[in-house]
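>>> Would you be able to build a 3D model of this:
(2 chains, ligands or ions: 3)
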Amino acid sequence: MIAAAYATVVRFTRGLGASTHLSDRFPWGLWVGFDVLCGVMLAAGGFTLTAAVHIFNIERFKPIIRPTVLTAFLGYMLVVVALMFDLGRPWRVWHPLVMWNPHSVMFEVGWCVTLYTTVLALEFSPVVLERFHLTQALKVVRAISVPLVIAGVILSTLHQSSLGSLYLIVPEKLHAYWYSPLLPVFFFLSAIGIGLAMTIIESCLSARHFGKKLELPLMRELGRILTVVLLLYGMLKFLDLYHRGALDLVLHIGYETDLFLLELGLGLALPIALLLVPRVRDTEGGLYLASVFTVLGFIVNRLNVSITGMEASAGVSYVPKWTEVAVTAGIVAAGFAIFGLAVRYLPIFPRGVEELAARPAPRVRLVHVRD
Amino acid sequence: MSLAILYDATLCIGCKQCEQACADRHKLPYDDAIAAEEVQSDHKLTVVQGRDDRFMRRLCMHCVEPTCASVCPVAALRKTPEGPVVYDEDRCMGCRYCMVACPFSVPRYEWTKLLPRVRKCDFCAGTTLAGGVQACAEICPTGATKSGERAALIAEARSRLAENPAQYVPHVYGLEEVGGTSVLMLSGVPFESFGYRTDMVKEPIPMLTYRVLSRIPDFVPLGGILLGGIWWITHRRDEVAAEEHAAPSGEGR
Ligand code: SF4
Ligand code: SF4
Ligand code: SF4
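Ligands and ions are numbered 1, 2, ... in the order given. I've put the predicted structure just below:
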């Protein structure tokens, strides 16, 4: 925390040059690769689950929707914070909203993320409104909840895939393992997978932390959907490499190959292997482990696209400076801290929430998670 | 009318007067130490590189369909109808996507400043848009850097190649690379030997993303209807079930 605070001071008094290892040859580093790309990806549970519950009407997932939406909302807020560090002129972060260039993927991402963060805030707002008994406002939010969810799903689909499209513009620069016309599809599919995996992880962790029983049947179901998504992704990835003639590259020795295999091993091979064994899939530990591998694998993937894959063409090797790492770590820690606080003071976790949500006028009773 | 520069490396003597003139016009520092730097930077918008007695210039290529301008979310970079690709620092938010995206890795950043700007050759827009000539072309003592109209310079480059085939590699660099550029180059040694890529795509790179982006206006209403439809169908089942039971349970709002 102290390191993060000091790093922040360095960043805003001495500029990007002093606080990062970025350069003209390597203009995007950890803050874009991890904080933004991974941040948005890890927050994908929000739209995956709201779609499942509100649009596909899979009521069983309802109990875990609040923590998931909270994570998503927090995730996006933190991505915006990270952007403040990375942008050369952060106070102009609103510029894309008024200075248009519809040809720019970044422009589209900017708009989607802004709108979607608003949607998430609204989706999460009932929790806060309930807490403070603001019945009127609550009614309004409830009334628009379906269009809100639909808007959220569309916006997420757009910008999750657009984060992949960002790299469509560098066919001459991104390594053949990762450059593919299917980048947007890969980013979107993996976002869904990560959304599921993160939901499982969070449910396990909070169940343990708050001494509740895990909704194991629910988790199993999520695990099964995750398996399908991962298999689909793996299949597409293989076909893509095959048709682009990039498959033989795997025989080349080099750090790109190592990291590519690491990504596939962690993100696809291990979790799929775990999830396909019924004895493992049906246990809490097995599901948890498979989800953790998935998440790690796709973090490696995002870093590969944004860092590993760009190094060769840039002709430099990029290792983040300690200040970059400190800021990133600080942001992650802040995320956990705020999540903990929210869970403590707001009606987020299942117990009692169901009754509250079911009633039109939620003045009835207030449920503290910690009673 | 479309402004262009024709740089003929076989005529270049490496005097670096273009570097000096460019620095002067843009009020950038220039001394022997800076002259010795062989990379473009925030204080050096163009460089003359030397290998043995061969020389090669580097500057922004002023692409006919510039990738940098296409990716900039705030349109801080813009292709003028006259040719120069110009930068408006009042719009720029410093995302550096232009640097990532430029196929020639041209844009530079003021890393050491608290109010950093993107820096690159602007084709001396201040002068050329008023009918003048680029400082580097104006000063060049041998005519290696020549200013003119793109079509005319292409014709001239072709005739130089035709008249002296032995002197040149048979390629007008910038004619087709990434859909064409406003800087055209001729050389006596392969362009690759100075790090220029000759395997670049022939179509404008912005098309790669525009093809995807242009689907969004269709996707949004379609997605809305699709999702709304699914919602309607899945919830209709509930309503029917509820009616059949004829006993409104506590669930459902
Ligand atoms: S060379 Fe790069 S910076 Fe110059 S116009 Fe083309 S894309 Fe833009
Ligand atoms: S750094 Fe500035 S000029 Fe470059 S893409 Fe971003 S906003 Fe546009
Ligand atoms: S055209 Fe102008 S800005 Fe560009 S290199 Fe020549 S002198 Fe410099």
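>>> how about the strands in the stretch 101-250 of chain B?
B:108-109, B:118-119, B:145-149, B:183-186 (DSSP state E, counting those that start in this stretch).
>>> Turn those strands into a markdown table, including mean neighbour count.
In this view, the C-beta of every residue, glycine as well, is placed from N, C-alpha and C. Below are the strands of the stretch 101-250 of chain B laid out as a markdown table (neighbours: other C-beta atoms under 10 Å in any protein chain shown):
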| stretch | mean neighbour count |
| --- | --- |
| strand B:108-109 | 23 |
| strand B:118-119 | 24 |
| strand B:145-149 | 20 |
| strand B:183-186 | 24 |
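>>> can you list the ones you listed in TSV and add distance to A:H21 and mean pLDDT?
Listed next are those as TSV, based on distance: least, C-beta to C-beta, whole Å; pLDDT from 0 to 100:
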stretch	distance to A:H21	mean pLDDT
strand B:108-109	13	96
strand B:118-119	19	96
strand B:145-149	35	95
strand B:183-186	31	96
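>>> Out of these, which is closest to A:I169?
strand B:118-119 (16.3 Å; C-beta to C-beta).
>>> That closest one near ligand 1 at all?
No. Between strand B:118-119 and ligand 1, judged by C-beta under 6 Å from any ligand atom, nothing touches; the nearest distance is 9.0 Å.
>>> swap in stretch A:153-173?
No. Using C-beta under 6 Å from any ligand atom, stretch A:153-173 stays clear of ligand 1, coming no nearer than 9.9 Å.
>>> what's the spacing between A:Y318 and chain B?
13 Å (C-beta to the nearest C-beta, to the nearest Å).
>>> residue contacts, that residue?
A:H21, A:L22, A:F26, A:G29, A:I307, A:E311 (C-beta atoms under 8 Å, 6 or more residues apart in numbering or on different chains).
>>> The same query, at a cut-off of 6 Å, please.
A:F26, A:G29 (C-beta atoms under 6 Å, 6 or more residues apart in numbering or on different chains).
>>> what does the model give it for pLDDT?
At A:Y318, the pLDDT value in this model is 92.
>>> cool, and the one 3 residues further on?
The pLDDT attached to A:K321 in the predicted structure is 93.
>>> Next, give phi and psi for it.
Dihedral pair for A:K321: phi -80, psi 160, per degrees, to the nearest 10.
>>> Spatially nearest residue to it (excluding sequence neighbours)?
Nearest non-adjacent residue to A:K321, counting by C-beta to C-beta, 6 or more residues apart in numbering or on different chains: A:H21, 4.5 Å away.
>>> Of the strands of the stretch 101-250 of chain B, which is nearest B:A242?
The nearest among the strands of the stretch 101-250 of chain B, by C-beta to C-beta, is strand B:118-119 at 60.4 Å.
>>> That closest one - which strands sit beside it in the sheet, and in what orientation?
strand B:108-109 (antiparallel) (DSSP bridges).
>>> Enumerate every residue touching B:V189.
B:R54.
>>> ok, now how distant is it from B:I154?
21 Å (C-beta to C-beta, to the nearest Å).
>>> Flag the shaky bits of the chain, pLDDT-wise.
All of this refers to chain A. Applying pLDDT under 70 to chain A picks out residues A:350-371.
>>> Correction: the question concerned chain B.
B:1, B:246-253.
>>> what's the closest non-adjacent residue to whatever residue of it ends up closest to chain A?
Chain B approaches chain A most closely through B:G94 (2.1 Å), counting by C-beta to the nearest C-beta. Distances taken as C-beta to C-beta, 6+ apart put A:G88 closest to B:G94, at 2.1 Å, once the chain neighbours are dropped.
>>> For that neighbour, what are phi and psi?
phi -70, psi -30.
>>> ok, now how distant is it from B:R58?
Taking C-beta to C-beta, one finds A:G88 at 23 Å from B:R58.
>>> I'd like the distance between the residue nearest to B:G179 when sequence neighbours are not counted and B:C102.
Counting by C-beta to C-beta, 6+ apart, B:P204 is the residue found nearest to B:G179 once chain neighbours are left out, at 3.4 Å. Per C-beta to C-beta, B:P204 is found 13 Å from B:C102.
>>> what's the answer for B:K202, then?
17 Å.
>>> Of these two, give the one with the bigger neighbour count.
When B:K202 and B:C102 are compared for neighbours, B:C102 comes out ahead with 27 against 10, by other C-beta atoms under 10 Å in any protein chain shown.
>>> my guess is the more buried one meets B:C68, correct?
Yes. With contact defined as C-beta atoms under 6 Å, B:C102 counts as touching B:C68 (4.9 Å).
>>> which ones are touching whichever residue of chain A sits closest to ligand 3?
At 16.4 Å from ligand 3, A:D24 is the closest residue in chain A, using C-beta to the nearest ligand atom. By C-beta under 6 Å, 6+ apart, the contact list for A:D24 reads B:R108.
>>> Please apply the same query to the one 3 residues further on.
Residues near A:P27 by C-beta under 6 Å, 6+ apart: B:R96, B:M99, B:V100.
>>> what about 7 Å?
B:R96, B:M99, B:V100, B:Y109 (C-beta atoms under 7 Å, 6 or more residues apart in numbering or on different chains).
>>> Tell me how far the closest residue to the second one other than its chain neighbours lies from A:L16.
Take B:M99 and drop its neighbours on the chain: the residue closest to it by C-beta to C-beta, 6+ apart is A:P27, 4.0 Å away. Distance from A:P27 to A:L16, counting by C-beta to C-beta: 9 Å.
>>> can you check B:A36 too?
26 Å.
>>> Count residues in the vicinity of A:G297, would you?
24.
>>> excluding its backbone neighbours, what's nearest it?
Here the residue nearest A:G297, using C-beta to C-beta, 6+ apart, is A:G267, at 2.1 Å.
>>> show me the contacts for the one you found.
Counting by C-beta under 7 Å, 6+ apart, the residues that A:G267 touches are A:T294, A:G297, A:F298, A:V300, A:N301.
>>> Wasn't the last one part of a helix?
To tie it back to what came earlier, the one meant is A:N301. Yes. Under DSSP: H, G, I helix; E, B strand; the rest coil, A:N301 sits within a helix.
>>> what's the burial count for it?
A:N301, neighbours per other C-beta under 10 Å, totals 29.
>>> What of the fourth one?
Other residues near A:V300 come to 20 when the count uses other C-beta under 10 Å.
>>> what is the closest residue to ligand 3 within the stretch 151-253 of chain B paired to in the beta sheet?
Ligand 3 sits closest to B:V183 of the stretch 151-253 of chain B, with a gap of 8.7 Å, by C-beta to the nearest ligand atom. Per DSSP bridges, the residues bridged to B:V183 are B:I5.
>>> Kind regards, and thank you for your time.
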